[in-house]
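1. show me how the following folds:
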Amino acid sequence: MALQLRPNCEYCDRDLPPNATDARICSYECTFCADCVETKLFNVCPNCGGGFVPRPIRPAREWRPGVCVAKHVPSDKRVHLKYSVEDVAAHCARIRDVPPEKR
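-> Prediction:
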């Protein structure tokens, strides 16, 4: 099963195409841009409390049969935070000093 490759930052709604090198995901595939992860979320997923890693790039070219962005199309469903900016800030501030592996 391939990652959804969500098309936008859930915080600022910035476009994050499949080849975006500044896309970050948590283990639940919550997707944010690197700028929001670093300056607003402080490496705390506002949805699950986990940390972030760079989202992999799905190959544009079909190097192996059936495996490329054209064969496993990224999601076109834009996702937005279900929490207020104030709630996200409080949540992130509460646990940002706890390393992701200990959350």
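
2. surely N19 touches P59?
-> No - assessed by CB atoms under 8 Å, N19 is found out of contact with P59, at 9.4 Å. Any C-beta I mention is one placed from the backbone N, CA and C, and that applies to glycine too.

3. which of the two has more neighbours?
-> Neighbour count, other CB atoms under 10 Å: between N19 and P59, P59 has more, with 16 against 13.

4. ok, the more buried one - contacts?
-> 67-69 (CB atoms under 8 Å, 6 or more residues apart in numbering).

5. again, only using 6 Å
-> Residues near P59 by CB atoms under 6 Å, 6 or more residues apart in numbering: C68.

6. and the pLDDT for the residue with the largest distance to the centre of the chain?
-> Relative to the centre of the chain, the most outlying C-alpha is that of P65, 27.3 Å out, by CA atoms, centre = their mean. P65 carries a pLDDT value of 96.

7. over to it: give its phi and psi.
-> Dihedral pair for P65: phi -50, psi 130, per degrees, to the nearest 10.

8. do the same with D35
-> Here D35 shows phi and psi, under degrees, to the nearest 10, equal to phi -60, psi -50.

9. now do D97
-> phi -90, psi 0.

10. number of nearby residues for it?
-> 8.

11. run through the bridge partners of the residue nearest the centre of the chain.
-> The centre of the chain sits closest to T31, judged by CA atoms, centre = their mean, with a distance of 1.8 Å. Under the criterion DSSP bridges, T31 forms beta bridges with I25.

12. in the longest helix along the chain, which residues are buried?
-> Across the chain, the helix with the greatest residue count (assigned by DSSP state H) is helix 85-95. By neighbour count on 16 or more other CB atoms under 10 Å, the buried set for helix 85-95 is 88, 91-92, 95.
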